[in-house]
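# Structure of the sequence below:
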Amino acid sequence: MAPPAWILLSAATGEKACLDFAVEHWWKTSDFLFDHDEHLYFRDSSYFERREANGEKVFWSRGNGWVIAGLVRVLQYLPAGHPARSRFLQQYRAMADKILACQQSDGLWRSQSARSRGLSAQGNERLRIPLLCARVGYQPGSAGSR
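Here you go, the predicted structure:
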């Protein structure tokens, strides 16, 4: 999907259609894969009904890491006055808060469940959320951040 690339292409060419495409497809994908209760993305539609042994929904840490990193770039490149900017920022804040809440004391977020403990360390990602938050001026848990 590469929304940051589409936004940069729009800036380089002056073609608003590229920017519109990026924003439209971000939200189409989000409407389909983003769980509004957990503030995380499902890997794909085959995960909508999957559950951990404890009954919790299954999410993919690496994929959510890619999404939040992509959100940083979207916010970095999206024109300051764009009408969808506040919606992107709202989603970013919700994801950042959720991912930070799920992060384990060893700095990892387990590869599947949002809350499970004791899963294998294979496939885990060290999500550098504080660095990503600083890039867009967001302090998790503070409503006053830009």
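
# Just the element for residue 30, please.
helix 16-33 (DSSP states H and E).

# how about the nearest residue to the residue nearest to the spatial centre of the chain, chain neighbours excluded?
Against the mean C-alpha coordinate of the chain, by CA atoms, centre = their mean, the closest residue is residue 68 at 3.1 Å. Leaving aside its sequence neighbours, residue 68 sits nearest to residue 95 (CB to CB, 6 or more residues apart in numbering; 5.2 Å). (Glycine included, C-beta is placed from N, CA and C.)

# What residues sit buried inside stretch 7-22?
7-10, 18-19, 21-22 (16 or more other CB atoms under 10 Å).

# hmm, back to that, now the residue nearest to residue 68: how far from residue 16?
Distance, residue 95 to residue 16, using CB to CB, to the nearest Å: 27 Å.

# likewise residue 92?
23 Å.

# Any idea which helix or strand in the protein has the lowest mean pLDDT?
strand 125-126 (a mean of 47; mean pLDDT, DSSP states H and E).

# With adjacent residues omitted, what lies nearest to residue 47?
The nearest residue in space to residue 47 (CB to CB, 6+ apart) is residue 58, at 5.4 Å.

# and the one you found, how many neighbours?
Residue 58: 18 surrounding residues under other CB atoms under 10 Å.
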